[in-house]
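1. here is a sequence with its predicted model. Questions after.
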Amino acid sequence: MAITSQSLTLLLFCSFLLLTAPCRKAAADDVDDLLLQLNKPYVKSINSPDGDIIDCVDIYSQPGFDDPAMKNRTIEFIPGDYPKDLLPENEVESEGILPQIWQQAGSCPEGTIPMRRTTREDVIRARTTAEGGYFARKRPNSWQRPDAYSVQVDPPNYNEKAIGTKTDGKFFGARGWFGVWKPRVQGNEFSSSQLWVVSDEELDGPEINIVEAGWQVYPAMYGDDRPRFFNYFTRDNSVSTGCYNLQCSGFIQTSSRFALGAALEFSEINGVQHALAIYIFK
């Protein structure tokens, strides 16, 4: 059985400022305004075999720079305090490999980032799902510190999860290795495999900072059952800030090779195995 391991260094050294997820609830003509806000001018577009359109957007035109506080900021493409002791030697100067479906049709030039184009169907679907789908913040979490390794089934929504945790220390980063699969979901279900970093002494209240990254199968968000690369971030436990991917300011992407929200190659039984390595550090 062939084994292919894809490694991605996720650099979350951006400024977490006031995050304003666009969640407008206006008439049909307002959809066009929202699409103009989310879909930035591009220097190149790529028609992905899975039906997505990937726009190559100038790195300084991405949504993260919509926040006035980010104007005239200089992007640090590789942090000076890169944790070399955390990464294998051959990954320190490399972004790694993350096969996504759209890459079969082309690539984005240096100085741009690939952005999955938001469609009218995405907006309509978002307004008909319980949590607002593609543009929504998550519901605030009622945090309880889990055991180091546990399997939980939480009624009434039957949120089933297996968790490995590390707590009660002075941490500067974390990493995780996740096999990429295509689990079967139905209705409003979703499935994810991810690294979840939570920063708060009491794990309670609106001051919780959260950064998530990994892959998810989420039909209510993307309109299909493909596993997709994603991130999520909030600085107040999703009370008033936070969003997925690049749908609000607060996160700056630097790579021209990986598209947030885009579909991933996935593992098959007795076939090629795909994995995603996530590193989050400050």
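-> Nice, thanks for sending it over. Numbering: from 1, shown residues only.
2. every contact and neighbour count from this point should use C-alpha atoms.
-> Noted.
3. so where do the strands sit in the stretch 101-250 of the chain?
-> 112-116, 149-154, 159-164, 173-179, 191-199, 209-217, 228-234, 243-244 (DSSP state E, counting those that start in this stretch).
4. I'd assumed R226 was in contact with V185.
-> No. Contact between V185 and R226 fails when scored by C-alpha atoms under 8 Å: they sit 10.2 Å apart.
5. identify the contacts common to these two.
-> V217 (C-alpha atoms under 8 Å, 6 or more residues apart in numbering).
6. so where's the longest helix in this protein?
-> helix 28-38 (DSSP state H).
7. beyond that helix, next helix or strand please.
-> strand 44-47 (DSSP states H and E).
8. quick one: buried residues of that following strand?
-> Across strand 44-47, burial judged by 16 or more other C-alpha atoms under 10 Å covers 44-46.
9. show me what the helix or strand just after it is packed against.
-> Next along the chain after strand 44-47, taking DSSP H and E as the criterion, comes strand 53-58. Judged by 3 or more C-alpha pairs under 8 Å, 6 or more residues apart in numbering; DSSP states H and E, the packing partners of strand 53-58 are strand 44-47, strand 112-116.
10. got the angle between strand 53-58 and strand 112-116?
-> Angle, strand 53-58 to strand 112-116, by axes from the mean of the first three to the mean of the last three C-alpha atoms, to 10 degrees: 150 degrees.
11. V185 and R226: which has the busier surroundings?
-> R226 (22 against 13; other C-alpha atoms under 10 Å).
12. surely the more buried one and L264 touch.
-> Yes. Counting by C-alpha under 8 Å, R226 touches L264, with 7.4 Å between them.
13. circling back: return the most buried member of the strands of the stretch 101-250 of the chain.
-> Counting by mean count of other C-alpha atoms under 10 Å, strand 112-116 has the highest mean neighbour count of those, with a mean of 26.
14. ok, and what's touching that strand?
-> Taking C-alpha under 8 Å, 6+ apart as the rule, strand 112-116 contacts 52-59, 62, 108, 253-262.
15. show me how to select, in ChimeraX, the buried members of those residues.
-> Buried residues within the contacts of strand 112-116, by 16+ other C-alpha under 10 Å, are selected in ChimeraX with:
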select :52,53,54,55,56,57,58,59,62,108,253,254,255,256,257,258,259,260,261,262
